[in-house]
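A.B. asks: sequence first, predicted model second:
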Amino acid sequence: LVYDFTCIWFSISSVKKTVHFHVGAHKTATTYMQSRLRSNRAHLQTQGIDFVDLWAKEAALKEYRNAFKSIIESRAADERALSRLSGQLRNIVQNEMSAANELAVMSFENILGGFDLTRSKAPYPHAGAAIRHVVEAFPEDRVRIFLSIRSLDRFLESGYVQLVSTRRETRNFKQYLKDIDLSALSWAPAVRAIESVVGADDLFVWEYERFFLDEHKIWNALMNRDDGESVLINPAKKSNQSLSAKGLKYLRSINRVATPADAKKFRFFVKDKFGTQRGLKPPALLDDLRRSQLIDAYEKDRKELADLLAG
């Protein structure tokens, strides 16, 4: 009986799995997607889908993220070091996966590296090395990569705003822009590098601008079923603070002795002047000439990558 049980266990655990890895890009609803997956983690498992949260706070994950970041964001990513780190990623994921489930879903945009466009000519210069690292982590499984791209002008602007808000950028936008070669910005190098590793059949690319129109298609592909969105019964949690809530946070960081009444007045002021009900658009940092240049470059990318873009 013991022998039979061992054989059965080995048979189940050695079943070839499919790994669906959502790699970003940054600023393309990644936080929303991760939040929705996280809030449905328990239900997904009952549906035969493991969601492995690579943003969790466990010590092993923090160690892996820090080690990976130091390699992938260097000028020349050390592929041997990345290969050695693949085993660490595999162990982390295997500890979170059920032997019975054949699909594992992950979402971690930093796997491609950072998005400071002053550090490279085009976004994610080490995308190929990053995806080889992922594939090596799951040598017995099928790995499919999920990637979203967006208009280059908005990607540049929103990325800069996030760098500033997270205190990773102190230059003003004009200074930041001086270190960027706008003529070289393109999604094509990173996307084609990823394709060279996994092949076109295992690369699913979509445009962020169409995400909320075609969201069900994305979830269907990521969940590997025709009704993929139906297994996400819980909504995403609202993780991004409102502008008024951020204003309150900033006030308290500036003036720690502010009274609750002061904070309330300030919050109402920010909400009244800058809240979403005012219908204000996201800040436009680029001038018309540079924006037009990047819009044209993105249109060129769309044509070049048409064979990969989800319709």
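C.D. replies: Okay, I see it. It should be emphasised that the depicted structure is a prediction, and the values quoted were computed from it without experimental measurement. Residues are numbered from 1 along each chain as shown.

A.B. asks: any idea how far residue 72 is from residue 41?
C.D. replies: 26 Å (Cβ to Cβ, to the nearest Å). No exception for glycine: its C-beta is placed from N, CA and C like everyone else's.

A.B. asks: compare these two (neighbour count), which wins?
C.D. replies: residue 72 (24 against 16; other Cβ atoms under 10 Å).

A.B. asks: with adjacent residues omitted, what lies nearest to residue 304?
C.D. replies: residue 188 (5.1 Å; Cβ to Cβ, 6 or more residues apart in numbering).

A.B. asks: likewise residue 48?
C.D. replies: Nearest to residue 48 is residue 101, by Cβ to Cβ, 6+ apart, at 5.0 Å.

A.B. asks: check which residues of stretch 34-50 are buried.
C.D. replies: 34-41, 44, 47, 49-50 (16 or more other Cβ atoms under 10 Å).

A.B. asks: swap in stretch 166-183?
C.D. replies: Those would be 169, 173, 176-177, 180, 182, for stretch 166-183 by 16+ other Cβ under 10 Å.

A.B. asks: can you redo the residues you listed as TSV with pLDDT, distance to residue 161 and secondary structure?
C.D. replies: TSV is the format used below for the buried residues of stretch 166-183 (pLDDT from 0 to 100; distance: Cβ to Cβ, whole Å; DSSP: H, G, I helix; E, B strand; the rest coil):
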residue	pLDDT	distance to residue 161	secondary structure
169	88	9	coil
173	93	9	helix
176	94	11	helix
177	95	13	helix
180	95	15	coil
182	95	18	helix
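
A.B. asks: host element of residue 82?
C.D. replies: In the assignment (DSSP states H and E), residue 82 maps to helix 79-96.

A.B. asks: wait, I meant residue 147
C.D. replies: strand 142-149.

A.B. asks: list of residues touching the next helix or strand along the chain from that strand?
C.D. replies: Using DSSP H and E, the helix or strand that follows strand 142-149 in sequence is helix 152-165. Helix 152-165 is contacted by residues 25-27, 115-117, 123, 149, 169-170, 173, 176, 180, 185-187, 282-286, 290-291, 294-295, 297-298, 301 when judged by Cβ atoms under 8 Å, 6 or more residues apart in numbering.

A.B. asks: what is the burial count for the nearest residue to residue 39 once chain neighbours are set aside?
C.D. replies: Excluding its sequence neighbours, the residue lying closest to residue 39 (Cβ to Cβ, 6+ apart) is residue 234, at 4.2 Å. Residue 234 is flanked by 14 other residues according to other Cβ under 10 Å.

A.B. asks: picking up where we left off before, can you get me a residue count around the residue nearest to residue 304?
C.D. replies: Neighbour count for residue 188, taken as other Cβ under 10 Å: 17.

A.B. asks: got a list of what the residue nearest to residue 217 when sequence neighbours are not counted touches?
C.D. replies: Using Cβ to Cβ, 6+ apart and skipping the chain neighbours, the partner closest in space to residue 217 is residue 310 (6.4 Å). By Cβ under 8 Å, 6+ apart, residue 310 lies in contact with 204-206, 214, 217-218, 221.

A.B. asks: list phi and psi for residue 310.
C.D. replies: phi -70, psi 130 (degrees, to the nearest 10).

A.B. asks: can you tell me how far it sits from residue 222?
C.D. replies: From residue 310 to residue 222 the distance is 11 Å (Cβ to Cβ).

A.B. asks: and the angle from the strand holding residue 147 to helix 152-165?
C.D. replies: 90 degrees (axes from the mean of the first three to the mean of the last three Cα atoms, to 10 degrees).

A.B. asks: can you give me the offset of strand 142-149 from its chain's centre?
C.D. replies: 11 Å (Cα atoms, centre = their mean, to the nearest Å).
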